[in-house]
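**Student:** sequence and computational prediction follow.
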Amino acid sequence: MRQKMLILLLGLFFISLQSGAQDYTIVIKGGHVIDPKNKINEVMDVAIKDDKIALVAKNIDPKQAQVIDAKGFFVTPGLIDIHSHNFFGTKEDHYLGDGFEALPPDGFTFRTGVTTVVDCGGAGWKTFTTFKAQTIEHSKTRVLSFLNIVGEGMRGGAYEQNLNDMDAKMTAYVVRQHKEIVGIKVAHYMGKEWDPVDRAVEAGNIANVPVIIDFGGNTPPLSIEELFFKHLRPGDIFTHAFSQLASRMPIVNAQGQLLPFVVEAQKRGIIFDVGHGGGSFRFSQAIPALKSGFRPNTISTDFHTGSMNAGMKDQLNVMSKFLNMGMTVQEVIAASTLHPSQVIHREELGHISVGAVADVAVFSLRKGKFGFIDSSGFRMDGEQKLDCELTVREGKVVYDLNGISRPLWNK
C-alpha cells in the first residue's frame with residue numbers, strides 16, 4: 001500500500017514539474033527559426049519564461065502565455081553589432097568620445113533587432129567610468145566596449161596621434177576591472193609607426209582580450225599583410241574590411257582580384273569585420289571579394305550620426321546589402337549573432353538555446369526593388385531587404401512594428 005502511495009505521489013510530482021515547465025510568459029509561434037549555434041533552420045516555436053529561453057520546439061502549447069504569431073517571419077537571436085559608437089555627450093571637441101556625433105543606443109537598436117552593441121573605442125582608460133555611468137548603466141540595450149588604446153578615447157584629431165597617451169598597462173588594468181570591456185581598439189593613427197598596434201596587442205595579452213584595428217592613415221599605406229602576419233594574433237579583428245581609402249591598403253587589387261594573403265590571414269584566425277561606417281565600405285571591394293568566395297566573419301555598422309544618414313543607415317541595411325551580394329539569410333544572421341558573440345568571447349549571447357537570455361528578433365524579408373549605397377556614392381540595386389517586425393530583450397517586447405504582440409482592438 002505504501003509503495004502504491006509513493007508511486008502515486010511521484011507521478012503527481014512529475015506531472016506538476018511538466019506542467020510548470022509549460023508555464024511560459026511568451027510563445028513565439030510558427031516562425032522560421034534561424035539559430036546558427038544550434039543548427040536550427042526551420043519552422044519552430046520559441047517559448048520564453050521570464051527573461052530566459054524555455055523551449056524551442058514544434059507546436060508548443062502556450063497555455064496562458066502571451067502568443068506572438070510569427071508565421072511568415074524569420075525568428076533569430078537578438079543581433080550583435082560589434083562596431084558602434086554610443087559614448088554620446090555634449091562636450092565640444094570630443095568627436096565619438098562624450099561628443100555630439102555618437103548616439104544613445106536605445107533609440108536606434110531595438111527597431112533593427114539589435115539587442116547588444118559594442119562601443120568601438122569611444123572611451124579610453126581615463127574616460128571609461130564616465131561612459132559606464134552615462135551610457136552603459138542607463139541603456140536597455142546591452143552595451144559593451146572596446147577600450148581605446150588612447151587614454152582620452154576617440155576625441156579625434158591630435159588627441160588620437162599622441163603616442164604618450166597610449167599606455168598598454170593602464171589600458172589592460174581598466175579592462176580587467178570592468179566586465180563590460182571585451183577588447184581594445186586602435187583607430188585613426190596617421191603615423192608610420194606600429195606603436196599603437198603593438199601597444200594594443202601588449203594590453204590584449206595582459207588582459208586576455210582581442211584587439212580591433214581601424215588601420216591606416218600613413219601615406220604611402222602601411223602593409224596590411226605585415227599587420228596580419230607580424231603584429232596581430234589569431235582572434236584579433238580587422239574592421240573596415242571593404243574600405244578603399246588612399247591611406248589604407250585594400251583587400252582587392254585594381255584588377256578586382258582578392259589578394260591571396262587575405263585568405264591566408266582569415267585561415268590563420270584574423271577576423272574580418274565589415275564596419276561599414278560613413279566612408280569605409282565600397283562595392284568595388286565587397287562584390288569581387290564575395291564573388292571569389294570570401295565572406296566577412298562579422299557584419300557591423302560603425303554607427304554614428306554621419307554613417308546613419310549616409311549609405312550605412314543601420315544593421316539591417318548592411319545585412320541586406322550582403323544578401324543582395326550573394327550571402328544567404330543564414331550566413332548574414334550568423335555573421336550578426338553567433339560569430340560576433342564568439343569574437344568578443346561572450347558565448348552566452350547570440351543564440352536561443354534553452355536557458356539563454358531571451359534576446360530575440362523577428363524579421364520580415366521584403367521582396368521588391370531596393371537601392372543600396374556605398375561610401376563612394378554608388379548605388380547597387382537589389383530585390384530583397386530585411387525589416388524588423390519585433391524585438392525581445394531579456395524576455396520583454398521592446399519593439400513591435402505592426403503590433404503582432406498586441407491584442408486586436410474591437411470597438
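**Tutor:** Thanks, I have the structure now.

**Student:** the spatially most central residue of the chain in helix, strand or coil?
**Tutor:** Residue closest to the mean C-alpha point of the chain, counted by CA atoms, centre = their mean, is residue 81 at 2.0 Å. When classified by DSSP: H, G, I helix; E, B strand; the rest coil, residue 81 comes out as strand.

**Student:** again, but for residue 212
**Tutor:** When the structure is reduced to helix, strand and coil (three-state DSSP), residue 212 reads as strand.

**Student:** which ones are touching it?
**Tutor:** When contacts are counted by CB atoms under 8 Å, 6 or more residues apart in numbering, residue 212 touches 82-83, 120-121, 146, 183-186, 236-237, 239, 273. Backbone N, C-alpha and C define where each C-beta goes, glycine included.

**Student:** so which residues of the stretch 101-250 of the chain form strands?
**Tutor:** Assigned strands in the stretch 101-250 of the chain, in chain order: 114-124, 142-148, 181-187, 211-214, 237-238 (criterion: DSSP state E, counting those that start in this stretch).

**Student:** that older thread, for the contacts of residue 212, which one is nearest residue 393?
**Tutor:** Compare each of the contacts of residue 212 with residue 393 using CB to CB and the shortest gap goes to residue 82, at 17.5 Å.

**Student:** in stretch 309-325, which residues are buried?
**Tutor:** Buried residues in stretch 309-325, counted by 16 or more other CB atoms under 10 Å: 310-325.

**Student:** among those residues, which two are most distant?
**Tutor:** Pairwise distances among the buried residues of stretch 309-325 were taken by CB to CB; the largest, 19.8 Å, belongs to 310 and 323.

**Student:** how many other residues sit next to residue 107?
**Tutor:** 10 (other CB atoms under 10 Å).

**Student:** ignore the last one, residue 155
**Tutor:** Using other CB under 10 Å, residue 155 has 24 neighbouring residues.

**Student:** same check on residue 164?
**Tutor:** Here the count is done by other CB under 10 Å, and residue 164 has 6 residues near it.

**Student:** and it, how far from residue 252?
**Tutor:** Look at residue 164 and residue 252: by CB to CB, to the nearest Å, they are 37 Å apart.

**Student:** okay, stretch 196-216 in PDB with CA atoms only?
**Tutor:** Extracted C-alpha coordinates of stretch 196-216, given in PDB (Å, rounded to 0.1, in the frame of the first residue of the first chain):
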ATOM      1  CA  PRO A 196      49.600  51.900 -31.400                       C
ATOM      2  CA  VAL A 197      49.000  48.400 -32.800                       C
ATOM      3  CA  ASP A 198      51.800  46.900 -30.700                       C
ATOM      4  CA  ARG A 199      50.800  48.600 -27.500                       C
ATOM      5  CA  ALA A 200      47.200  47.500 -28.000                       C
ATOM      6  CA  VAL A 201      48.300  43.900 -28.600                       C
ATOM      7  CA  GLU A 202      50.500  44.100 -25.500                       C
ATOM      8  CA  ALA A 203      47.500  45.200 -23.500                       C
ATOM      9  CA  GLY A 204      45.400  42.500 -25.100                       C
ATOM     10  CA  ASN A 205      48.000  39.900 -24.000                       C
ATOM     11  CA  ILE A 206      47.900  41.200 -20.400                       C
ATOM     12  CA  ALA A 207      44.100  41.300 -20.200                       C
ATOM     13  CA  ASN A 208      43.500  38.300 -22.500                       C
ATOM     14  CA  VAL A 209      41.100  40.100 -24.800                       C
ATOM     15  CA  PRO A 210      41.100  40.700 -28.600                       C
ATOM     16  CA  VAL A 211      42.200  43.900 -30.400                       C
ATOM     17  CA  ILE A 212      40.100  45.600 -33.100                       C
ATOM     18  CA  ILE A 213      42.000  47.600 -35.600                       C
ATOM     19  CA  ASP A 214      40.800  50.600 -37.700                       C
ATOM     20  CA  PHE A 215      44.000  50.600 -39.700                       C
ATOM     21  CA  GLY A 216      45.700  53.100 -42.000                       C
END
